[in-house]
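**Q** Quick check, what structure comes out for this input:
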Amino acid sequence: MSLTDRHRTLLTTIINSRTFERVDEINGQLLMYLADHSSQDDHHLRTETALLSLAFLKHRNTARMSTLLARLQRLIDRYFAREGRTKDHAERPYINRGKDVPPKHSLHNAVLYRPNTTVEEATRRFWKPHLIAGRDSHIAYGLPLFTRKQHGEYGEVLTRRLSENFEQDTAERHPKERVCWPLVRLGDALCVMRLTKWLGERDVEVNTKWYRAGDRHYSNLLAPKENNVIVVGAPRVNGVFAVYQSTELRFRMDADVVFADLEGQTTERLREKKSKGMTIVPTLVTRTGGRSSGAVTMIASPHGQAVDHLSEVLTSESMLVELFQHPKLQGWADRLPDQFQILLGVTVLDDELAAPRHEVVDAWWNTRT
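**A** This next block holds a predicted model:
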């Protein structure tokens with residue numbers, strides 16, 4: 001089915017807006033090209049022939065296409081947050097991550113249309129405990145442990161061993177090397193910046209602090225009464241996860257494996273899976289209560305790109321609405337449980353800086369009475 005006049009007018013208005021005016025014109029060109037090649041009948045690109053004859057992309061670097069598409073969706077969301085009022089547009093477009101097209105294909109997407117509901121309805125519902133006036137949010141992220149030593153040929157050399165994350169143990173095993181924490185994972189840093197900006201724009205006071213694997217004894221400083229905590233990163237390097245991954249929760253992450261605890265039995269639920277050019281990374285989103293009061297939200301994954309991807313999903317109206325349509329999350333669009341966990345497999349491509357897609361694997365919830 002060809003692009004309707006109504007949808008073409010909508011897309012033209014978006015592309016000519018102030019939001020798109022300030023960025024590279026490739027964003028508008030890509031949006032219109034995707035729309036022209038989308039099928040509104042089956043919500044997928046019409047034919048494989050269309051995928052193979054991409055004049056638009058011939059001279060582009062398609063290896064970064066998933067990054068371009070993620071940026072395009074953010075621009076669309078920004079337009080509707082700032083300019084696209086509900087009364088002006090009955091519908092809004094979003095980029096669908098279709099399953100019928102290989103994920104590494106440059107057009108693993110199609111433009112779909114949904115009713116233009118109240119701005120930020122889903123995102124504000126998800127982050128409601130963190131948007132209460134007078135409550136600060138403390139974001140805790142982790143620093144991976146490195147060792148440093150002098151090398152005759154290369155000078156000072158940094159070494160990262162995934163299985164070694166505690167200062168005392170590492171120092172005893174490698175007495176000739178100095179323990180240090182010089183870097184933060186890129187994905188974790190991008191996640192912290194995105195959440196800080198999103199919450200700050202909604203008048204939430206946000207403070208951030210880094211933690212190490214052994215810093216769990218500082219837990220009494222994390223959540224002052226009436227304040228909230230957001231924990232992001234890898235549990236192996238961020239000791240704050242150990243404070244809140246309590247026995248009352250169904251899932252817990254250890255290294256690159258998620259375990260499920262049910263009726264006293266512990267079983268492996270999801271493990272990192274590598275294949276050619278990509279990795280399926282377990283990622284766990286948790287909402288629970290603080291140690292005294294307030295709310296705790298955790299985004300845990302062994303891979304920084306997956307953490308960054310989930311922070312984008314949870315602050316994007318269209319992506320969050322799509323997430324809530326999954327059968328395992330039925331009813332969550334109207335009301336979120338008080339305590340819940342969402343287990344996802346996030347696809348990370350070896351040659352990309354951004355994760356292009358995710359799939360809900362399981363969910364658990366508990367509504368307090």
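
**Q** Hmm, Q73 and S318 touching each other?
**A** Yes - look at S318 against Q73 with C-beta atoms under 8 Å: they come within range, at 6.7 Å. C-betas here are computed from N, CA, C, even on glycine.

**Q** and for the two, which residues touch both?
**A** Common contact partners of S318 and Q73 (C-beta atoms under 8 Å, 6 or more residues apart in numbering): Y94.

**Q** Tell me which helix or strand the residue nearest to E167 when sequence neighbours are not counted sits in.
**A** Using C-beta to C-beta, 6 or more residues apart in numbering and skipping residues adjacent in sequence, the residue nearest E167 is V179, 5.1 Å away. Using DSSP states H and E, V179 falls within strand 178-180.

**Q** Output the next helix or strand after that strand as PDB, nothing but the C-alphas.
**A** Using DSSP H and E, the helix or strand that directly follows strand 178-180 along the chain is helix 186-200. Only the C-alpha atoms of helix 186-200 are listed here, as PDB (Å, rounded to 0.1, in the frame of the first residue of the first chain):
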ATOM      1  CA  LEU A 186      30.300   4.000  27.900                       C
ATOM      2  CA  GLY A 187      26.700   2.600  27.900                       C
ATOM      3  CA  ASP A 188      26.400   3.200  31.700                       C
ATOM      4  CA  ALA A 189      27.600   6.800  31.300                       C
ATOM      5  CA  LEU A 190      25.100   7.400  28.500                       C
ATOM      6  CA  CYS A 191      22.300   5.800  30.600                       C
ATOM      7  CA  VAL A 192      23.100   8.100  33.500                       C
ATOM      8  CA  MET A 193      23.200  11.200  31.300                       C
ATOM      9  CA  ARG A 194      19.900  10.300  29.700                       C
ATOM     10  CA  LEU A 195      18.100   9.600  33.000                       C
ATOM     11  CA  THR A 196      19.600  12.700  34.600                       C
ATOM     12  CA  LYS A 197      18.400  14.900  31.700                       C
ATOM     13  CA  TRP A 198      15.000  13.300  31.500                       C
ATOM     14  CA  LEU A 199      14.200  13.600  35.200                       C
ATOM     15  CA  GLY A 200      15.800  17.000  35.400                       C
END
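
**Q** Could you chop the protein up by domain?
**A** As assigned by automatic domain parsing, the chain contains the domains 5-119, 123-140+186-209+223-366, 146-180.

**Q** in the stretch 251-369 of the chain, which spans are strands?
**A** In the stretch 251-369 of the chain, the strands defined using DSSP state E, counting those that start in this stretch lie at 251-254, 257-262, 265-271, 273-275, 278-289, 295-300, 339-349, 357-366.

**Q** The stretch 1-150 of the chain now?
**A** So, for the stretch 1-150 of the chain - with DSSP E, counting those that start in this stretch - the strands run 91-96, 110-115, 137-142, 146-151.

**Q** Give the pairing partners of the last one; include direction for each.
**A** Strand 146-151 sits in its sheet next to strand 155-159 (antiparallel), strand 178-180 (antiparallel), going by DSSP bridges.

**Q** do the second one as well
**A** Taking DSSP bridges as the criterion, strand 110-115 forms sheet pairs with strand 91-96 (antiparallel).

**Q** returning to that earlier point: could you identify which of the strands of the stretch 251-369 of the chain is most buried?
**A** Of all the strands of the stretch 251-369 of the chain, strand 295-300 carries the top mean neighbour count, a mean of 24, counting by mean count of other C-beta atoms under 10 Å.

**Q** any idea of the mean pLDDT in that one?
**A** For strand 295-300, mean pLDDT rounds to 95.

**Q** Not counting it itself, show me its contacts.
**A** With C-beta under 8 Å, 6+ apart, strand 295-300 has contacts from 127, 129-130, 191, 223, 228-235, 241, 244-245, 253, 283-290, 307, 310-311, 314.
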